[in-house]
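Trainee: Need a 3D model of the following:
(one chain, ligands or ions: 1)
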Amino acid sequence: MARKWSLWEVGKHTAEGDCWMVLHGKVYDVSIPVPKPTVLTTTPDNASTLKITSFVSKHPGGKGILLRNSGRDATAAFQSAHPLEILEEQLAPEQLIGEIDQTREPSGADPLPAVMAGEDVSTEPSPPVSTMLSVGEIESYAMQRLSPKAISYYVSASDDEITKHANNQIFRSILLRPRVFIDCTECSLATTILGHPVGLPIFVSPAARARFGHPSGEAGIAMACSQFNALQVISKNASMSPSDIVQAGPDAVFAWQLYVLKDLAATERTLAQIRQIPQIKFIVLTLDAPFPGKREADERFKMSEVASGAAAQAWGTEGGLTWQKTLAWLGKHTTLPIVLKGIQTWEDAYAATLFPTVRGIIVSNHGGRALDTTTTPVQVLLEIRKFCPQVFDKIDVLIDGGIKRGTDVVKALALGAKGVGIGRPALYGLAVAGHEGVKRVLQILADETMTAMRLLGVQRTSELSSRHINTAALQHQLLEDAVSLDAIERGVKAKL
Ligand SMILES: Cc1cc2nc3c(=O)[nH]c(=O)nc-3n(C[C@H](O)[C@H](O)[C@H](O)COP(=O)(O)O)c2cc1C
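Mentor: Numbering: from 1, shown residues only. Predicted structure coming up:
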């Protein structure tokens, strides 16, 4: 039987080397150094490397927030950032030391509240979301509502944020070519993504910690997607359980995004949980951030919040992924189709088509949060068109980054994308008005996209083509020469 502790007893353990906390009624000692198998690669040499660590020192949000929540019931602070399952993934069984016994509280003892660092949000009411007319307007209201912590996390991008801004700016260099005398009274945004019918060519990209923005979190996003039969890609680092998220969106289509952790066994356990959720139709494996980008706004916030800073690699993501090894491993743990997210060159887009389990790619630079000064998704689409256009026939090509207008959506579709993802705009909508705010963001983008299609003379998204855009201003930026497709194939196979 689990040992029972009183909150008063828990309250005595508040030091880095002796740090207890209560989460969902259970008592954890997160300072116990535990050996955890760390599987870096599948080579025998380091397959069973043991690392002795305490969770306090490896918490990605910094140890300060753990220490400030030590000795108390930290459930509220924990819930604002994490789903319950993460406890099983990140903590060793010996760190669960018992349960809280409410009956044993000394009389008069007031339990200490959870410490929610930087969570102070504006109490000023925003105008009704229905009066907000653009994604940009919703973003500016979100900046008034979000806590300092959420702003630093959501808005930040790497280094000088050049890629983040270029992702959006580049759409302005593409001109639209409307055709006349085409009856577009009937016009539909419906399409398919990996064969699944969706109501919009716009999807919600995976973004961690939606509950920083609003208590309804990723479930709020699911409710909004459900209204449009739209796709939501659930982040591996969502603040709620995938099973709760899918329940909230009965008419949405879901995919689940994976970061492979250094602790491969923990990743496999999570994949086993995902196998139990039939609403999840494919796995999105994110590849552009095996190491975290240098996001100074986010780092600075953590420094001001705690003196300690964060662990070097968020949640211990594995840096040693490869085409052959990782896709073969993933194929053993899921039968779902795989979409590779974070493709940033035409060579990698082509390489993706050489693996039968890979049914799509998301051309993405993580919203400029990984490597700064990379090419934008628009430029990568142009490269694919120039050097290996057959990619568009073999797999679904999706993009995300910098989408703020319906005209951005139609330009991406005209370049060959099957769907277009939004990351920050969905979080900003959530911050302003929960699921109604996300719904408003999707409605604005849907309406703008339909207007642009009608004015171009297009009734179906599949009719959008390179004839509808003028990309002359961007052509001189494209690579001149290219390696051969055979060379790419040999390169990938040589690593077998
Ligand atoms: C706050 C935030 C959290 C994110 N978390 C994840 C994540 O957990 N997994 C992932 O693959 N991408 C993540 N991304 C990247 C998004 O999926 C997407 O690529 C990016 O936000 C698109 O750019 P946009 O914000 O300009 O729309 C995150 C982005 C933001 C802004």
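
Trainee: Near the residue of the chain found nearest the ligand, how many other residues are there?
Mentor: Of all residues in the chain, Gly423 sits closest to the ligand, with a separation of 2.0 Å (Cβ to the nearest ligand atom). For the C-beta atoms, the positions are set from N, CA and C on the backbone; glycine is no exception. By the criterion of other Cβ atoms under 10 Å, Gly423 has 22 neighbours.

Trainee: Find the nearest non-adjacent residue to it, please.
Mentor: Ser205 (4.3 Å; Cβ to Cβ, 6 or more residues apart in numbering).

Trainee: circling back: surely the residue of the chain closest to the ligand is in contact with Gly367?
Mentor: Yes. Look at Gly423 against Gly367 with Cβ atoms under 8 Å: they come within range, at 4.9 Å.

Trainee: Tell me where the stretch 1-150 of the chain has helices.
Mentor: Using DSSP state H, counting those that start in this stretch, the helices assigned to the stretch 1-150 of the chain run over residues 7-10, 55-58, 63-68, 75-79, 85-90, 135-145, 148-155.

Trainee: Quick check: next helix or strand after the helix or strand harbouring Asp447?
Mentor: Per DSSP states H and E: Asp447 is located in helix 424-456. Sequence order places strand 469-470 as the next helix or strand after helix 424-456, per DSSP H and E.

Trainee: I'd like to know which elements whichever helix or strand comes after that following strand is packed against.
Mentor: If you walk from strand 469-470 toward the C-terminus, the next helix or strand you reach (DSSP H and E) is helix 472-475. Packed against helix 472-475 by the contact rule (3 or more Cβ pairs under 8 Å, 6 or more residues apart in numbering; DSSP states H and E) you find helix 377-387.

Trainee: can you tell me if the helix it packs on touches the ligand.
Mentor: No. Residues of helix 377-387 are not located near the ligand by Cβ under 6 Å from any ligand atom, the shortest gap being 8.9 Å.

Trainee: Contacts for the next helix or strand after that helix next, please.
Mentor: Using DSSP H and E, the helix or strand that directly follows helix 377-387 along the chain is helix 391-394. The contact list for helix 391-394 (Cβ atoms under 8 Å, 6 or more residues apart in numbering) reads 346, 349-350, 352-353, 361, 384-385, 397, 416.

Trainee: got it, and stretch 152-161?
Mentor: 118, 143, 146, 163-164, 207, 209, 212-213, 293-298, 300-301, 367-373, 424, 427-428.

Trainee: re the thing from before, to Glu448, which of the helices of the stretch 1-150 of the chain lies closest?
Mentor: Nearest of those to Glu448, taken as Cβ to Cβ: helix 135-145 at 8.8 Å.

Trainee: Report the buried residues of that closest one.
Mentor: Using 16 or more other Cβ atoms under 10 Å as the test for burial, helix 135-145 gives 135, 137-139, 141-142, 145.

Trainee: Give me the helices and strands touching that helix, please.
Mentor: Counting by 3+ Cβ pairs under 8 Å, 6+ apart, helix 135-145 packs on helix 424-456.

Trainee: where does this structure have low pLDDT?
Mentor: 35-53, 60, 104-123, 303-315, 495-496 (pLDDT under 70).

Trainee: residues from the chain in reach of the ligand?
Mentor: Residues of the chain lying near the ligand (Cβ under 6 Å from any ligand atom): 153-154, 167, 205-208, 235-237, 257, 286, 341, 364, 366-367, 369, 400-403, 422-424.

Trainee: picking that back up, buried residues, the helix holding Asp447. List them.
Mentor: Residues of helix 424-456 classed as buried by neighbour count (16+ other Cβ under 10 Å): 424-446, 448-450, 452-454, 456.

Trainee: repeat for stretch 372-389
Mentor: Using 16+ other Cβ under 10 Å as the test for burial, stretch 372-389 gives 372, 374-385, 387-388.

Trainee: cool, stretch 149-165 as well?
Mentor: Buried-residue list, stretch 149-165, by 16+ other Cβ under 10 Å: 149-158, 161, 163-164.

Trainee: just stretch 85-93 next, same as before
Mentor: Applying 16+ other Cβ under 10 Å to stretch 85-93 flags 85-87, 89-91 as buried.

Trainee: Which one of these is nearest to Phe181?
Mentor: Here the nearest of those to Phe181, counting by Cβ to Cβ, is Glu85; it sits at 56.3 Å.

Trainee: thought that closest one was touching Gln273?
Mentor: Yes. With contact defined as Cβ under 8 Å, Glu85 counts as touching Gln273 (6.5 Å).

Trainee: Touching both of these two, which residues are there?
Mentor: In contact with both Glu85 and Gln273: no residue, using Cβ under 8 Å, 6+ apart.

Trainee: any shared contact partners between Gly423 and Gly367?
Mentor: With Cβ under 8 Å, 6+ apart as the test, Gly423 and Gly367 both reach 205, 400-401.

Trainee: out of those residues, which are inside strands?
Mentor: Within those, residues falling in strands by DSSP state E are Asp400.

Trainee: I'd like the shared contacts of Gly423 and Gly367 as JSON lines, with neighbour count appended.
Mentor: Below are these laid out as JSON lines (neighbours: other Cβ atoms under 10 Å):
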{"residue": "Ser205", "neighbour count": "29"}
{"residue": "Asp400", "neighbour count": "28"}
{"residue": "Gly401", "neighbour count": "29"}
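
Trainee: Using PDB, write out every CA atom in stretch 58-67.
Mentor: Provided in PDB are the C-alpha atoms of stretch 58-67 (Å, rounded to 0.1, in the frame of the first residue of the first chain):
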ATOM      1  CA  LYS A  58      17.300  18.500 -15.600                       C
ATOM      2  CA  HIS A  59      13.900  20.300 -15.600                       C
ATOM      3  CA  PRO A  60      13.800  22.200 -18.900                       C
ATOM      4  CA  GLY A  61      12.000  25.100 -17.300                       C
ATOM      5  CA  GLY A  62      14.800  25.600 -14.800                       C
ATOM      6  CA  LYS A  63      15.200  24.200 -11.300                       C
ATOM      7  CA  GLY A  64      13.900  27.500  -9.800                       C
ATOM      8  CA  ILE A  65      10.300  26.900 -10.600                       C
ATOM      9  CA  LEU A  66      10.600  23.400  -9.100                       C
ATOM     10  CA  LEU A  67      12.200  24.600  -5.900                       C
END
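
Trainee: Now do the helix holding Asp447 and helix 135-145, the angle between them.
Mentor: In terms of direction (axes from the mean of the first three to the mean of the last three Cα atoms, to 10 degrees), helix 424-456 departs from helix 135-145 by 160 degrees.

Trainee: counting contacts, what elements does helix 424-456 pack onto?
Mentor: Contact here means 3+ Cβ pairs under 8 Å, 6+ apart; on that basis helix 424-456 packs against helix 135-145, helix 148-155, strand 175-176, strand 202-204, helix 217-228, helix 406-414.

Trainee: Arrange the ones you listed in JSON lines, one row each, with distance to Lys262 as further columns.
Mentor: What follows is the helices and strands packed on helix 424-456, written out as JSON lines (distance: least, Cβ to Cβ, whole Å):
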{"stretch": "helix 135-145", "distance to Lys262": "34"}
{"stretch": "helix 148-155", "distance to Lys262": "23"}
{"stretch": "strand 175-176", "distance to Lys262": "46"}
{"stretch": "strand 202-204", "distance to Lys262": "28"}
{"stretch": "helix 217-228", "distance to Lys262": "25"}
{"stretch": "helix 406-414", "distance to Lys262": "34"}
